[in-house]
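quick one: sequence plus predicted model below, questions after.
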Amino acid sequence: MRISRSVAFCVFPFAALLLAAGSSPAPTPALPPNFTQGIITTRVSLPGNPYDKLLSQIDPAKGNVQAQMQQLALRMTPAEQQQFQAEAARLSPALVMGAMMLPRKGTIYCRGQEARVSTDGLSYHLENYFDSAKNAGILLLAAQASPERVAYTYNAATMKTRWQSIVVAEEDYTLKTSPETSLVAGYPSQKTTYTLKPGAGTPAPAEAGAMSQKPVALEVWTSAQIPQMLNFAHPVYVQQQHGITKLLVYFDKERRQKLLYEFAGVQVKPVAAQDLKINANTPLLDYAKDELQIGMKSLAIMLGGGPGSPGKPNTDD
């Protein structure tokens with residue numbers, strides 16, 4: 001079959017137009033405005049940890065955590081129980097405890113240089129207000145299953161590496177920043193990789209899964225649109241110029257035991273003064289003067305809270 005010249009003149013330019021459209025680069029999406037006010041939801045997990053998978057199904061707000069755990073265990077088939085036990089046997093005791101204590105979901109209320117974080121672990125409710133202009137804040141820790149609570153003021157210059165359970169000293173790691181970016185909760189974020197230098201950490205035992213005293217590696221995503229002051233809200237202290245939107249910590253050389261912190265969502269909206277307020281309902285201590293008392297109370301609350309009726313505060317309403 002022969003194509004007439006008039007048809008060819010119509011078809012070929014159209015085909016060329018399609019080819020040109022297919023080869024042209026996609027338009028670059030506009031950068032979101034700098035985040036200065038709104039609500040950020042976060043999540044923390046231990047990927048691959050069988051306890052984390054199980055305990056993430058528990059909602060502390062529903063109360064009676066032990067009963068929820070028993071119900072989950074009863075729903076497991078014998079094969080699932082056997083698999084759980086096999087995977088749990090490969091974990092270090094530190095990561096078993098970490099799965100029990102982890103605050104899996106959090107909410108950050110931010111307005112300018114002020115922010116309040118609200119989060120829940122299985123045994124405790126935690127709120128942390130921080131004013132970056134004053135470099136100071138207020139922290140509240142309350143038991144989920146008893147009236148026990150402790151609240152105190154602090155100065156971040158002496159406190160910031162103490163409430164964060166993992167402290168990363170930059171001189172111990174080799175850093176490499178990727179030129180590429182990826183979106184985290186809608187914000188373009190650049191990844192920096194931290195690799196522990198030989199001899200920088202205490203050597204881990206030779207067996208697989210054994211942990212050294214320092215993370216063997218980290219992957220840190222930061223966004224220039226997120227304030228650096230919000231980095232106080234996650235469980236790892238690492239120096240970065242911009243706000244951290246995602247953080248992956250590797251604890252063993254096989255990189256099987258890890259912790260993931262990430263932004264789950266960002267809402268740009270007005271934040272009222274009430275959203276930043278902590279209702280302590282208990283005398284405010286001063287961390288600089290009452291460190292020992294605060295430490296003893298905090299440990300008791302996080303390890304179970306003691307006997308009593310539910311007494312978790314709620315300042316998010």
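Arrived safely, thanks for sending.

where does the protein have low pLDDT?
1-29, 159-165, 202-212, 305-317 (pLDDT under 70).

nearest the geometric middle of it, what residue?
For the chain, Tyr261 is the residue whose C-alpha lies nearest the centre (Cα atoms, centre = their mean; 2.8 Å).

next, give phi and psi for it.
phi -120, psi 140 (degrees, to the nearest 10).

bridged to it, which residues?
Beta-bridge pairing for Tyr261 (DSSP bridges): Val44, Leu247.

the stretch 101-250 of the chain: helices as residue ranges?
156-159 (DSSP state H, counting those that start in this stretch).

strands of the stretch 151-300 of the chain, start to end?
With DSSP state E, counting those that start in this stretch as the criterion, the stretch 151-300 of the chain has strands at 166-167, 173-184, 187-196, 217-223, 236-237, 243-250, 258-268, 284-286.

next up, the contacts around the nearest residue to Glu87 once chain neighbours are set aside.
Distances taken as Cβ to Cβ, 6 or more residues apart in numbering place Pro50 nearest to Glu87, at 4.2 Å, with adjacent residues excluded. In this view, the C-beta of every residue, glycine as well, is placed from N, C-alpha and C. By Cβ atoms under 8 Å, 6 or more residues apart in numbering, the residues touching Pro50 are 83-84, 87-88, 91.

ramachandran coordinates for Pro50?
Per degrees, to the nearest 10, the backbone of Pro50 is at phi -60, psi -30.

look up how far Ala99 lies from it.
For Pro50, the distance to Ala99 (Cβ to Cβ, to the nearest Å) stands at 8 Å.

what do you get for Glu87?
From Glu87 to Ala99 the distance is 12 Å (Cβ to Cβ).

now do Ala156
Taking Cβ to Cβ as the measure, Ala156 falls 28 Å from Ala99.

which one of these two has more residues nearby?
For Ala156 and Ala99, the more surrounded residue by other Cβ atoms under 10 Å is Ala99, and the numbers stand at 23 against 17.

please, which helix or strand holds the more buried one?
helix 93-101 (DSSP states H and E).

return that helix as CSV; C-alpha atoms alone will do.
Taking Å, rounded to 0.1, in the frame of the first residue of the first chain, the C-alpha atoms of helix 93-101 are listed here in CSV:
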residue,chain,number,x,y,z
PRO,A,93,18.8,-6.7,73.9
ALA,A,94,19.2,-3.0,73.2
LEU,A,95,16.9,-3.1,70.2
VAL,A,96,14.4,-5.3,72.0
MET,A,97,14.2,-2.6,74.7
GLY,A,98,14.2,0.1,72.0
ALA,A,99,11.1,-1.4,70.4
MET,A,100,9.3,-1.4,73.8
MET,A,101,10.2,2.2,74.5
